[in-house]
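Peer 1: Starting from these lines, generate the structure:
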Amino acid sequence: MQEMTTVELRPQVGVDLAGPASLPAPAAGTRPTTTQSMMPLRRRLMAAIAKSFRAGGRMLSEEADYDRLLLFSPVFLGAGAAFWFLAPTDIPFLPSLLGLMVLTVAVLVAGRGRPVLRATFLALALVVCGMLCAQFERWRASTVILDSSVTTTVTGRVERREGDDRGRWRYILAVTGTEEPAVKRPPKRITVIARGADAPFEIGDIITGRARLTPPAGPALPELNDFSFGAYFDGIGANGFFYGAPTKVDSQAEPQEARRATDALLEWLYRLRSGIGDRIRSILPGDTGAFAAALVTDERRAISNETTDALRQSGLAHIIAISGLNMALSAGIFFVGFRMLLSLFPGIAQAYPTKKFAAAGALIAVTAYFLISGFAVSAERAFIMMAIMLIAVFFDRPSISLRNVALSALVIIALAPSEVLGPSFQMSFAATLALVSGYQLWKDRRVRENAVLKMPALRPVVAVGRFFGGVFLTSLIGGFSTALFSIEHFHRLTAYGLPANLATMPIISFIVMPAGLFAMLLMPFGLDALPWKVVGFGLDLVIAVARTISGWGGDIGIGRLPGWYFAVAVAGFLLMTLMRTRLRHVGTAIMAVSTLAFLVLPARRPPDLVISEDGGLVAIVKASAMASNRERPPDFIFDQWQRALVLPTHDPPKMLDGPAVPEGDDRRLRLSAGQQNEARLAMRTAAAGGTAERFSCVKKAWCVAKLANGHVVTVIENAAYLGPACDAGDIVITPVRLRSASCRSGATLFTGETLRRTGSVELRITAGGPEVATAFNALSRPWMRHRAYDWRNDSFTDSGLSGISDSGG
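Peer 2: Predicted structure coming up:
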């Protein structure tokens, strides 16, 4: 055998054992070189990075073991749908389908041996699936949207109806004909408001009347909500109102197409829904009855604006939306009550699984609730979520889990992918994700036994404390989780939502919902009056709390968020709520850093001038107010401007006495040379002598204002004043749809025709001239195409839209 020897290692004098043996130690009194000082630091840094990567890999593996990657499937599916909807043009179907097939094969080839590669291919496949779902929904909708405003005699079948607090009725009509004039591209379904009728028309009635119809509104400002997008996927092609009360048409004399069984079933459900709402409002008049009906049928228009604003400003508006709170309370009350009822019979309780029976009863109850609720997306999401939770009881699976939330999100995105961009979907799922994630963390926490809290005398106090503690945490988590989406869509925050929810949740949980469920069970027998009175008592308390807290103020205006911030913050929120390991702190860091950057980085300069999409409303944006050309601007548009730009103060125009359009003349009026000179002089005088950054107007004729940079803005209501306006102003705006798109004087001209194609406009005056931002850059998407339609030659005038079929809207 070979003999082993021992070698004694001794350090050499002057050699640093921490570094390479060839590097001598620095002499006394000398500074180490950069290479000598940095080598250990570099090694430590590289070791720390390598350790972080190894820890991250372990945590990712742990996330995969807990099926956390499955929870991201609705995120990728929704991202694909959002990408398709936000793309500038339609993405071709066949390449998308081919891409999905290739990715499916790639997933199968990758197998389980390469989990990272397989997960990447799965994520990409889900993105493509989301795009295909969006394409299918677009084909399914194929809504024809009215191209421009028109006054016509419309006839249609009442599909749905809803009253408001002013005695008006809003009907959804399936249009059967138009005349005087006959619309060449009539929408299939419209919403129209009627007033003056002695009694509302019933669902299924055919009514006719003279009506003013307008296309669904586009964004009030660039980057704000496009209402025509939602209308397109809701199947609504126009909005309007009747001139006077419409009349009922004899159904025998009106030809009707054979309707499908599903249409007849929906009509019966809507008739039942309207009947329930009428019954509740007959027992509880005023806002109390409208509030109670909204909790059951989701008919909210009957609630007065005062009460609606109080609920919104106090952070209680979620109560009137049929969402997770309502569904959970109704299912929970029925589940607990039915199980307690079965426990009164020992034979049944011992022989049968009463928990599963109670879950089946609760499932039937929430299904009935959903069917009469109007199918809002919040109700749909809550119903699917509750159905999955109750079905999980049948299989002895956990009811409250993030997997159930992911399954409900997958179902909704697959059925209605357009809802991904809506505030209802985003806010409801954000709150649900945060609450369920918080519940999981609370359940997994380390619990320390406390003997004092188990004393019999303290048990009632502990129970009450736990209830209010749960309400506090629920309100806190729900408020924080929806704040980002509230700012993005509504540009505001509510400061006192937490105390409002703490005060009202016990009333809703112990008075309103139990009594309401009892009333609904007794309604078929006509014995529901007393329970509804109890509901009314509770809702009166809720309204009183809302009005009290809304009086404190606390409605904080934030304004528009940068597009990058919302996307990054949402990504951080998803990581924070969907991850189980410490990787969730990465999401927290992303949200914190992006918020800090948003607060520190300079905001984009506000516009100098904003113009509505029809040219009828123009406003100058000042440091602390908005000055418009209307004494009473339309609330629908102006409120959005004030919220988005955080300018609640309105400066109305100064009204002048001057040469206006003579009574009885229309927009075809032509001014004489003398009248034009007179109007030109009046405009220049008003611009020079008027208040800076404020309009001076002659009623039914023109308005003029001078901006802070000296540019003069003129707004004319009649095309007869176009020449003087172009001579007197640098920027000219008119709602009249002129064939001319420019002023001979060189002034910038915006007309009803150009604004119809661009949508609303923001102007920023720079040294190089006006910088224009428009709501639409191209009219290539289905919900925009009606803006490029020319009824004179029955074609789409935009060159990029040639060959588009009329069926696509």
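
Peer 1: quick one, what contacts the residue positioned nearest the centre of the chain?
Peer 2: Ranked by distance to the mean C-alpha position of the chain (C-alpha atoms, centre = their mean), the top residue is residue 423 at 1.9 Å. Counting by C-beta atoms under 8 Å, 6 or more residues apart in numbering, residue 423 touches 485, 486, 488, 489, 490. Heads up, the C-betas are built off the backbone N, CA and C, glycines and all.

Peer 1: so how many other residues sit close to the third one?
Peer 2: This points to residue 488. By other C-beta atoms under 10 Å, 20 other residues sit near residue 488.

Peer 1: you'd agree it is in a helix?
Peer 2: Yes. Residue 488: assigned to a helix according to DSSP: H, G, I helix; E, B strand; the rest coil.

Peer 1: per-residue pLDDT, it?
Peer 2: At residue 488, the model reports a pLDDT of 92.

Peer 1: just use 611 as the starting number from now, easier for me
Peer 2: Noted, 611 is the first residue going forward, which turns the last one into residue 1098.

Peer 1: what's the distance between it and residue 727?
Peer 2: 35 Å (C-beta to C-beta, to the nearest Å).

Peer 1: what does the first one give?
Peer 2: When distance is defined by C-beta to C-beta, residue 1095 is 34 Å away from residue 727.

Peer 1: Also the second one?
Peer 2: From residue 1096 across to residue 727, the span is 39 Å (C-beta to C-beta).

Peer 1: rewinding a little: counting neighbours, which of the contacts of residue 1033 comes out on top?
Peer 2: Result: residue 1095 is most packed of the contacts of residue 1033 (other C-beta under 10 Å), 22 neighbours.

Peer 1: right, and the helix or strand after the strand or helix carrying it?
Peer 2: Assessed by DSSP states H and E, residue 1095 sits inside helix 1069-1100. Later in the chain than helix 1069-1100, the nearest helix or strand by DSSP H and E is strand 1102-1104.

Peer 1: Which of the three states applies to the closest residue to residue 782 other than its chain neighbours?
Peer 2: Distance criterion C-beta to C-beta, 6 or more residues apart in numbering; nearest residue to residue 782, sequence neighbours excluded, is residue 770 at 4.2 Å. Using three-state DSSP, the structure places residue 770 in strand.

Peer 1: quick one: contacts for residue 770?
Peer 2: Residues counted as contacts of residue 770 (C-beta under 8 Å, 6+ apart) are 781, 782, 813, 880, 884.

Peer 1: Pick out whichever of those sits closest to residue 1329.
Peer 2: residue 781 (35.2 Å; C-beta to C-beta).

Peer 1: worst-scoring helix or strand of this structure, pLDDT-wise?
Peer 2: The weakest-scoring helix or strand in the chain, judged by mean pLDDT, DSSP states H and E, is helix 644-675 (a mean of 66).

Peer 1: now what about whichever helix or strand comes after that one, what contacts it?
Peer 2: Per DSSP H and E, the first helix or strand lying C-terminal to helix 644-675 is helix 678-681. Residues outside helix 678-681 that contact it (C-beta under 8 Å, 6+ apart) are 673, 729, 1012, 1013, 1015, 1016, 1188, 1189, 1190.

Peer 1: Taking the residues you listed, tell me the two that lie furthest apart.
Peer 2: 729 and 1015 (20.1 Å).

Peer 1: And these two? Which one has more around it.
Peer 2: Neighbours around residue 729 and residue 1015, counted as other C-beta under 10 Å, are more numerous at residue 1015. The numbers are 25 against 16.

Peer 1: from the chain's centre, how far out does stretch 1143-1157 sit?
Peer 2: Chain-centre distance of stretch 1143-1157: 28 Å, with C-alpha atoms, centre = their mean, to the nearest Å.

Peer 1: Please enumerate residues in contact with that stretch?
Peer 2: Residues outside stretch 1143-1157 that contact it (C-beta under 8 Å, 6+ apart): 893-894, 897-899, 901-902, 917, 920-921, 923-924, 926, 929, 1110, 1113-1114, 1117-1118, 1121-1122, 1125-1126, 1129.

Peer 1: Please name the residues that touch the residue nearest to residue 765 when sequence neighbours are not counted.
Peer 2: Leaving aside its sequence neighbours, residue 765 sits nearest to residue 818 (C-beta to C-beta, 6+ apart; 4.1 Å). Residue 818 makes contact with 763, 764, 765, 766, 856, 857, 859 under the criterion C-beta under 8 Å, 6+ apart.

Peer 1: Describe which strands the helix or strand that contains residue 818 pairs with in its sheet and in which direction.
Peer 2: Assigned by DSSP H and E, residue 818 belongs to strand 816-824. Applying DSSP bridges, strand 816-824 is found paired with strand 760-773 (antiparallel), strand 848-852 (antiparallel), strand 857-859 (antiparallel).

Peer 1: Out of these, which is the most enclosed?
Peer 2: Highest mean neighbour count of the strands paired with strand 816-824: strand 848-852, a mean of 22 (counted as mean count of other C-beta atoms under 10 Å).
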